[in-house]
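S.K.: Sequence first, then the predicted structure:
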Amino acid sequence: MAEAETMVFVIDDDAAMREALQSFLRSVGLSVETFASAREFLTGQRPDVPACLVLDVRLPGLSGLDLLDAISQALDRDRAAREQRAGLAGLRERYEQLTPREREGATAERGQVLKCALFS
């Protein structure tokens, strides 16, 4: 299948429901991938595209609500990591703009702060 611009993921343990939803969604021009369980969805390869999730909340095993909780936690971790990387990039950019003398002072100051934190 060619890489889609957007994707609808359908997770349902009922094969007939999966097929009906897939057929309907494709009939209106959407790209669809189906999964029989939350575990199958989590372990499967998915394209890195904007997506929508159509989910049976009463799945056996890992329920749909448990899956939503796991997705929410993963999104929170990803958001925090992105914010941290953005903050570090800003600091690196500011550090690169310092003169050699200012860099020397910043490095010495950072060492003193670190020593104080370690030995207090």
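M.R.: The structure has been received and is ready for your questions. Numbering: from 1, shown residues only.
S.K.: The longest helix anywhere in the chain packs against which elements?
M.R.: What stands out as the longest helix in the chain, according to DSSP state H, is helix 64-96. If you count contacts as 3 or more Cβ pairs under 8 Å, 6 or more residues apart in numbering; DSSP states H and E, helix 64-96 packs onto helix 38-43, strand 51-55. C-beta coordinates here come from the backbone N, C-alpha and C atoms, glycine included.
S.K.: Now the last one: buried residues?
M.R.: So that's strand 51-55. Going by neighbour count (16 or more other Cβ atoms under 10 Å), the buried part of strand 51-55 is Val54, Leu55.
S.K.: mind saving the C-alpha coords of the strand or helix carrying Phe24 as CSV?
M.R.: Using DSSP states H and E, Phe24 maps to helix 15-27. What follows is helix 15-27, C-alpha atoms only, in CSV (Å, rounded to 0.1, in the frame of the first residue of the first chain):
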residue,chain,number,x,y,z
ALA,A,15,-14.2,-9.6,12.3
ALA,A,16,-17.6,-8.6,10.7
MET,A,17,-17.5,-5.2,12.4
ARG,A,18,-13.9,-4.6,11.3
GLU,A,19,-14.7,-5.5,7.7
ALA,A,20,-17.9,-3.4,7.7
LEU,A,21,-16.1,-0.3,9.1
GLN,A,22,-13.2,-0.8,6.7
SER,A,23,-15.5,-1.1,3.7
PHE,A,24,-17.5,2.0,4.8
LEU,A,25,-14.4,4.1,5.5
ARG,A,26,-12.7,3.2,2.3
SER,A,27,-15.9,4.0,0.3
